[in-house]
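Enquirer: quick one, what's the 3D model for this:
(one chain, ligands or ions: 2)
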Amino acid sequence: MLGWLVAPFLQNDIDMRLGIIGWPLVGKTTVFNALTRSAARTGFGAGSGAPNVAIVRVPDDRVERLAALFSPKKTTFATVEYIDLPGFERGKGKDSDQFLTNARKVDALVQVVRAFVDDNVPHAEGSVDPRRDGRLMEEELILADQITVEKRLENIAAQAKRGKKPESPDEQPALEKALAHLESVRPLRTLELSSSEEVALRGFAFLSQKPLLVVLNMGEDQMAAPPALASDAPVLAVCGKLEEELAQLPDAEAAELMASYGIARSGLERVIQASYDLLGLMSFYTAGDDEVKAWTIRKQSPAVEAARTIHSDIARGFIRAEVVSYDDLMELKTFPRAREVGKLRLEGKDYVVQDGEVVHFRFAV
Ligand SMILES: Nc1nc2c(ncn2[C@@H]2O[C@H](COP(=O)(O)OP(=O)(O)OP(=O)(O)O)[C@@H](O)[C@H]2O)c(=O)[nH]1
Ligand SMILES: [Mg+2]
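Expert: Ligands and ions are numbered 1, 2, ... in the order given. This next block holds a predicted model:
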């Protein structure tokens, strides 16, 4: 896959890594193909090899319109990496195998849950039941984390016996708190942690702590009535097979076909948007004759943090941020005009950058 070749070089430019997980033959690769316009092999036996990886740009009207306004030499969209992990088998949570290693590396998990009914596609549990499947996966992730916690606690106890002082006094109590939560079969996502507990547990990259988005893979005939799931995670209903076909078509034809099925936006855009929301991310932009570029930051980030995503020097030598909203810039067309009418604001380090703002940083190093 192209993604494997590109990934090492783009490491720092990827804004978000999403791991696609789910039981065997639920349509993970079908959804992956739809999201990334790839043509990875689907169907029985296709999911046993290395994970499929692809990097896609985040569709963004604002980048396109800013580029039309500035005609820059270069236009850069935010990027997302999808990793289509092999089908998870029941009980794998007990082993720290390749699946878990890969799954721990991502920023968020996208669980594909099968809702489509098709007698030609076998089901691991013998019948289609989205609610059960969603819950079973949750339990599997919880179990995997529980094993990690127990192992580490045993380790700490053994070290204490040998008279070794703990490296961090926060770790053991944080692990015990996590264990109690996991033992009551609840994901770590839903456990409130103090900042010191959060730091103590961060390195474990717990699976049930990762933001989770559930993608219900629906049959074409089911779109009107998606089944309800029991998870606290947000759920998006997509028709994987249809979206996979759409992704292979030219945009105009895809739009026409989508309209005929009553689908407003493609699954790709909905999944990416939901993942951004889930991770608390947003975009701001830089725009000029050289480049129009979308940058991804956490919501509520101060201007100095936004500057740091561009370059640490800009954060270090931060003088001020010149900020204009996307709508004002589109209306007024240029930075000088925006300044003239008082729509270009001068903001300091602590200013909280808002979604869609176009920012120019003044700095000196
Ligand atoms: N009818 C129908 N078939 C689908 C749908 N989505 C996927 N399939 C079919 O289900 C089979 C499995 O799809 P894959 O995308 O390979 O599933 P997977 O989860 O990646 O499978 P593994 O990687 O082997 O675990 C393929 O034959 C798909 O064509 C759907 O929405 N409707
Ligand atoms: Mg697959």
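Enquirer: show me where pLDDT drops low in the stretch 51-200 of the chain?
Expert: Applying pLDDT under 70 to the stretch 51-200 of the chain flags residues 87, 89-97.
Enquirer: can you give me the helices for it?
Expert: Ranges of helices within the stretch 51-200 of the chain are 61-70, 98-104, 130-161, 171-183, 195-202, based on DSSP state H, counting those that start in this stretch.
Enquirer: I'd say Ala144 and Phe204 touch.
Expert: No: between Ala144 and Phe204 there is no contact under CB atoms under 8 Å: 10.7 Å. The way it works is simple: take the backbone N, C-alpha and C, and place the C-beta from them, glycine included.
Enquirer: look at those two and report which has more neighbours.
Expert: The residue with more neighbours, out of Ala144 and Phe204, is Ala144; 24 against 18, by other CB atoms under 10 Å.
Enquirer: and the more buried one, how far is that from Val215?
Expert: 21 Å (CB to CB, to the nearest Å).
Enquirer: got it, and Leu193?
Expert: Applying CB to CB, the value for Leu193 to Val215 is 27 Å.
Enquirer: neighbour-wise, which of these two wins?
Expert: For Leu193 versus Val215, the count of surrounding residues by other CB under 10 Å is larger for Val215: 28 against 17.
Enquirer: surely the more buried one is in a strand?
Expert: Yes: assigned with DSSP: H, G, I helix; E, B strand; the rest coil, Val215 falls within a strand.
Enquirer: can you pull up the bridge partners for it?
Expert: Applying DSSP bridges to Val215 gives these bridge partners: Val112, Leu236.
Enquirer: going forward, the N-terminal residue is numbered 38.
Expert: New numbering, starting at 38: the last item is Val252.
Enquirer: does it touch Ile309 like I think?
Expert: No: Val252 is beyond contact range of Ile309, at 11.7 Å (criterion: CB under 8 Å).
Enquirer: picking up where we left off before, can I get the helices of the stretch 88-237 of the chain in CSV including distance to Ile57?
Expert: CSV is the format used below for those (distance: least, CB to CB, whole Å):
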stretch, distance to Ile57
helix 98-107, 25
helix 135-141, 10
helix 167-198, 12
helix 208-220, 24
helix 232-239, 23
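Enquirer: now Phe114, nearest residue through space, not along the chain?
Expert: Arg94 (3.6 Å; CB to CB, 6 or more residues apart in numbering).
Enquirer: what's around that neighbour, how many residues?
Expert: Arg94 has 15 nearby residues by other CB under 10 Å.
Enquirer: is it bridged to anything, and to what?
Expert: Thr116.
Enquirer: doesn't Thr116 make contact with it?
Expert: Yes: between Arg94 and Thr116 there is a contact under CB under 8 Å: 5.5 Å.
Enquirer: can you confirm Gly299 is in a strand?
Expert: No: counting by three-state DSSP, Gly299 is not found in a strand; it is coil.
Enquirer: that one: what's it in contact with?
Expert: Residues in contact with Gly299 (CB atoms under 8 Å, 6 or more residues apart in numbering) are Met260.
Enquirer: could you rerun that using 7 Å?
Expert: Residues near Gly299 by CB atoms under 7 Å, 6 or more residues apart in numbering: none.
Enquirer: ok, now how distant is it from Glu257?
Expert: Distance from Gly299 to Glu257, counting by CB to CB: 11 Å.
Enquirer: again with Lys214
Expert: If you go by CB to CB, the gap between Lys214 and Glu257 works out to 46 Å.
Enquirer: what residues does the stretch 88-237 of the chain have near ligand 1?
Expert: Contacts of the stretch 88-237 of the chain with ligand 1, taken as CB under 6 Å from any ligand atom, map to 123-124, 153, 155, 158.
Enquirer: ok, of these, which one's closest to Ala291?
Expert: Ala291 lies nearest to Phe153 out of those, by CB to CB, at 20.3 Å.
Enquirer: what sits against the closest one?
Expert: Here Phe153 is in contact with 254-256, 259 (CB under 7 Å, 6+ apart).
Enquirer: for the residue lying closest to it once chain neighbours are set aside, which residues are in contact?
Expert: Excluding the flanking residues, the one nearest Phe153 by CB to CB, 6+ apart is Gly256, at 3.8 Å. For Gly256, the contacting residues are 152-154, by CB under 7 Å, 6+ apart.
Enquirer: next one: Ala242
Expert: By CB under 7 Å, 6+ apart, the residues touching Ala242 are Arg141.
Enquirer: what are the phi and psi values at it?
Expert: Dihedral angles of Ala242 (phi, psi; degrees, to the nearest 10) stand at phi 50, psi 50.
Enquirer: likewise for Met367?
Expert: Dihedral angles (degrees, to the nearest 10) for Met367: phi -60, psi -30.
Enquirer: any idea of the pLDDT on it?
Expert: pLDDT, Met367: 96.
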